[in-house]
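Peer 1: What would the 3D arrangement of this be:
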Amino acid sequence: MGNVTSSVAARFAFFPPEPATYEVSRERGGDGRLRLTGLSPEKSVEVHLVETRAGNRVVATFWRHPRARFTILYSHGNAADLGQMLDLFLELRAHLRVNIMSYDYSGYGASTGKPSEFNTYSDIEAVYDCLKKEYGIRQEDLILYGQSVGSGPTLHLAARLQKLRGVILHSAILSGIRVLYPVKVTFCFDIFKNIDKIRQVNCPVFVIHGMADDIVDWTHGKRLWELSKIKYDPLWIKGGGHCNLETYPEYIKHLRKFINAMEKLPLVKQNNQSRLPTSTITESKHNKCLRFGNR
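Peer 2: Alright, predicted model coming up:
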């Protein structure tokens, strides 16, 4: 029973775009830097191929801002790869004035290997090591950002780093099985046990979730916020779905507010919920985000 349920959860969790939406190439002449197809080299983006402890090589991109105070390590959703996220990263870098380290999980985009829960953990650990070694990024200057399934590797790492500046959970899941069934207990064969790991996070947690999310119910975000040790005022987007939250004006506004608050730590716990936003939906232009179900 356990193995069957575990395999079902894994199958529902990973949908890498096929074929990949980009390729990695090496520039001719000069220092032979790596670059992504469709992205001009003058955009201050550095591309890395990072070796993981699982033996895979994952693509990671560092988006540099000249006046950045913090770096965001972004773990994307399960039906997107880096090629689909480029516009969003450009906007986040510009509006938030942060560096962004993004990566593709094993089996996504031009990353080698196969997607799995274990591999996503190996992936984010390797990318974090790259941030430390290549850019000297300290935990105190790092904010982890996890979108939906990306909340799994995000909370895996956040539970292990005791000096993080903050964590952002965007349409996050309580666990893999809980997306499919409203279970009340955590089974050993479940994947992405965020409901347990959130209790080990010792930095401010900012939760963003759409109240009309029909893929990962809003109650997932609400419960994760409730279980957070240091609660930052959450953003519940009225009418927001699973893949369109970045199209709401409240999204950037509240992210900027969170970044500003992180600059003023120590931060007082904020236990009151935000007023529900009332903006209307505009067409999403960034990525295909997430989906669960049979192919």
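
Peer 1: and residue 59, which of the three is it?
Peer 2: Per DSSP: H, G, I helix; E, B strand; the rest coil, the secondary structure class of residue 59 is strand.

Peer 1: again, but for residue 260
Peer 2: helix.

Peer 1: Let's see the pLDDT reported for it.
Peer 2: With respect to pLDDT, residue 260 scores 96.

Peer 1: go on, residue 188?
Peer 2: 85.

Peer 1: Which of the helices or strands spans it?
Peer 2: For residue 188, there is no enclosing helix or strand under DSSP states H and E.

Peer 1: In the chain, where's the longest helix?
Peer 2: helix 117-135 (DSSP state H).

Peer 1: and the first helix or strand past that helix going along the chain, which strands flank it?
Peer 2: Sequence order places strand 142-147 as the next helix or strand after helix 117-135, per DSSP H and E. Taking DSSP bridges as the criterion, strand 142-147 forms sheet pairs with strand 71-75 (parallel), strand 166-170 (parallel).

Peer 1: and the angle from strand 142-147 to helix 117-135?
Peer 2: For strand 142-147 against helix 117-135, the angle by axes from the mean of the first three to the mean of the last three CA atoms, to 10 degrees is 150 degrees.

Peer 1: close enough to count as contact, residue 252 and residue 95?
Peer 2: Yes - applying CB atoms under 8 Å, one finds residue 252 in contact with residue 95, separated by 5.1 Å. All C-beta spots, glycine's among them, are computed from the backbone N, C-alpha and C.

Peer 1: And the helix or strand containing residue 83, what's buried?
Peer 2: Assigned by DSSP H and E, residue 83 belongs to helix 82-96. For helix 82-96, burial by neighbour count (16 or more other CB atoms under 10 Å) applies to 82, 83, 84, 85, 86, 88, 89, 92, 93, 96.

Peer 1: from what I can see the third one touches residue 21, true?
Peer 2: Yes - applying CB under 8 Å as the test, residue 84 and residue 21 come out as touching, 5.4 Å apart.

Peer 1: Output the below-cut-off pLDDT ranges for this protein.
Peer 2: Low-confidence segments of the chain, defined by pLDDT under 70: 1-13, 29-30, 42-43, 266-295.

Peer 1: quick one: the strands in it?
Peer 2: 24-26, 34-36, 45-51, 57-63, 71-75, 99-103, 142-147, 166-170, 204-210, 230-231, 235-237 (DSSP state E).

Peer 1: Adding distance to residue 182 and mean neighbour count, write those out as TSV.
Peer 2: TSV is the format used below for those (distance: least, CB to CB, whole Å; neighbours: other CB atoms under 10 Å):
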stretch	distance to residue 182	mean neighbour count
strand 24-26	41	14
strand 34-36	40	19
strand 45-51	37	18
strand 57-63	34	23
strand 71-75	25	25
strand 99-103	32	25
strand 142-147	22	27
strand 166-170	20	27
strand 204-210	17	26
strand 230-231	24	17
strand 235-237	20	25
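
Peer 1: Mind putting these into CSV with distance to residue 186?
Peer 2: Shown next, in CSV, are the strands of the chain (distance: least, CB to CB, whole Å):
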stretch, distance to residue 186
strand 24-26, 38
strand 34-36, 38
strand 45-51, 31
strand 57-63, 28
strand 71-75, 21
strand 99-103, 27
strand 142-147, 19
strand 166-170, 18
strand 204-210, 19
strand 230-231, 22
strand 235-237, 25
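
Peer 1: Thank you, goodbye.
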